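# Sharing a sequence plus its predicted fold:
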Amino acid sequence: MKLELRHLRVVCAIADAGSLSKASSLLGLAQPALTAQLHRIEGLLGGKLFERDHKGARPTVLGELVLERARVLLPAFSRLQEDALRLVDDDVPTDRFRVGAVNGPMLGGLVHRLTESHPGAHVSTHASWSNDELAKSVAQGRLDYVLVGVCGDAPPPTEYGLTWQVIALDPVFVLVPEDHPFTLREEVELAELKEMQWAVVPGDGCFGDCFVAACSRAGFTPRTMYEVDINSCIDLAQAGDTVALCQPTFRRAPGLVAMPIAGSPLRWRHLIGWDPESPAAAFGPQVLRYAGEAYRETAERNPRYTAWLPSHPEYGAVRHHVAVP
């Protein structure tokens, strides 16, 4: 692994925050993942960058040197991107947008905005259930941008050197028949569903383990867990003896209601990624804005979610997008 600009951003974030715990919160990254990343950076540079104790993290002599250079290089790199963007036609910034996505609410709205704003561009899509596969495709130059989802505070794929931005944070809802008594309430307790079977779309993250842990905290072990496509999830839920885990932006299906789980024991982060060294990086902020608009549009289609959000302001679209190293 080589030293990259994203590593310098991590070092600056830790120095500015004064501790790894505060930096991990600002970066939207779990502290163990940030600690592991710092250790890898220190390995690349040959020494410790911070002295850490109960008071926080203070730069070492080597850390001060790295910070001094990083605070010159990072603004210079940003100015380079801005200058390059100014040299390009604002109306048609690129002749193609290749977008990959896992199952999520934003792809349709994003494609619509890209084709509408850049009518001369070729927009193509690629669907996958694997975050890792999509990230690898960007690193190999086969895709420009990827929309992925990760469980809770889990990081997106980090080994490919992509820039990641958080679009939104959602609770996980459940699909139940619309004639079920639960639908008369605002939320359903997870323990009340212990006799049900479960359905979820597949993925390569930790969601399955987190779900089992949430059930254990609620006092039960889940019965059969079906990993199926979204249409099969709907079919199983409509049959009445299976609860499907879903995103709260889920578009209404006949006979089903998407309901919040009390206490929101499961969370899902929506992210967008691109290669910071590719031409697509210059237009990343624009595509990020389109993705955020697409998310908000989709969320507004679920009245139960929009009614739930005001009392849970920590969820929904991220106003000030947070980079994930």
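Great, that's in hand. Numbers count the residues shown, from 1 in each chain.
# What pLDDT does the model give the nearest residue to residue 267 once chain neighbours are set aside?
Spatial nearest neighbour of residue 267, chain neighbours left out: residue 152 (4.8 Å); criterion: C-beta to C-beta, 6 or more residues apart in numbering. All C-beta atoms are positioned from the backbone trio N, CA, C, and that covers glycine. Each residue has a pLDDT score; the one for residue 152 is 87.
# Make 42 the first number, not 1, from now on.
Got it, the first residue is 42 from now on, which makes the last one we talked about residue 193.
# Residue 193 touches residue 251, doesn't it?
Yes: contact criterion C-beta atoms under 8 Å: residue 193 and residue 251 qualify, at 6.3 Å.
# Residues that sit against both of those two, list them.
Common neighbours of residue 193 and residue 251 (criterion: C-beta atoms under 8 Å, 6 or more residues apart in numbering): residue 307.
# ok, now which ones touch the nearest residue to residue 281 once chain neighbours are set aside?
In space, and not counting its chain neighbours, residue 281 is closest to residue 218: 5.6 Å by C-beta to C-beta, 6+ apart. Neighbour list for residue 218: 224, 278, 279, 281, 296, 297, 298 [criterion: C-beta under 8 Å, 6+ apart].
# cool, and residue 357?
Residue 357 makes contacts with 209, 210, 211, 340, 350, as judged by C-beta under 8 Å, 6+ apart.
# Those into a markdown table, with extra columns for secondary structure?
Below are these laid out as a markdown table (DSSP: H, G, I helix; E, B strand; the rest coil):
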| residue | secondary structure |
| --- | --- |
| 209 | strand |
| 210 | strand |
| 211 | strand |
| 340 | helix |
| 350 | helix |
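# Now flag whichever of the residues you listed is closest to residue 323.
Checking these against residue 323 by C-beta to C-beta gives residue 209 as the nearest, at 23.6 Å.
# Let me know whether the closest one touches residue 313 as I believe.
No: between residue 209 and residue 313 there is no contact under C-beta under 8 Å: 10.3 Å.
# Backbone dihedrals for the residue nearest to residue 308, both of them.
Backbone geometry at residue 193, expressed as degrees, to the nearest 10, gives phi 50, psi -120.
# For it, list the residues it contacts.
Residue 193 sits next to 247, 251, 307, 308, 309, 310 when contact means C-beta under 8 Å, 6+ apart.
# Would you indicate which residues of the lengthiest helix in the chain are buried?
As assigned by DSSP state H, the longest helix anywhere in the chain is helix 102-127. Judged by neighbour count using 16 or more other C-beta atoms under 10 Å, the buried positions of helix 102-127 are 104, 107, 108, 111.
# Residues in contact with whatever helix or strand residue 206 lives in: which ones?
Here residue 206 sits within strand 204-212, counting by DSSP states H and E. The contact list for strand 204-212 (C-beta under 8 Å, 6+ apart) reads 47, 69, 147, 188, 197, 288-290, 301-302, 305, 307-317, 322, 325, 329, 332-333, 336, 340, 353, 355-359, 362-366.
# before we move on, what about stretch 45-64?
Identification of contacts with stretch 45-64 by C-beta under 8 Å, 6+ apart yields 67-68, 72, 75-76, 78-79, 82, 85, 90-91, 93, 97-98, 100, 104, 107-108, 110-112, 114-115, 118, 202, 204, 317, 364, 366.
# switch the cut-off to 7 Å
Defining contact as C-beta atoms under 7 Å, 6 or more residues apart in numbering, one finds that stretch 45-64 is touched by 67-68, 72, 75-76, 78-79, 82, 90-91, 97-98, 100, 107-108, 111-112, 114-115, 118, 202, 204, 317, 364, 366.
# Of these, select the buried ones using a ChimeraX command.
To isolate in ChimeraX the members of the contacts of stretch 45-64 that are buried, counting by 16+ other C-beta under 10 Å, one can use:
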select :68,72,75,76,78,79,82,90,91,97,98,100,107,108,111,202,204,317,364,366
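# Bridging across strands, which residues link to the residue nearest to residue 281?
Under DSSP bridges, the beta-bridge partners of residue 218 are residue 297.
# the bottom helix or strand of the chain by mean pLDDT?
Least confident helix or strand of the chain, by mean pLDDT, DSSP states H and E, is strand 364-365 with a mean of 58.
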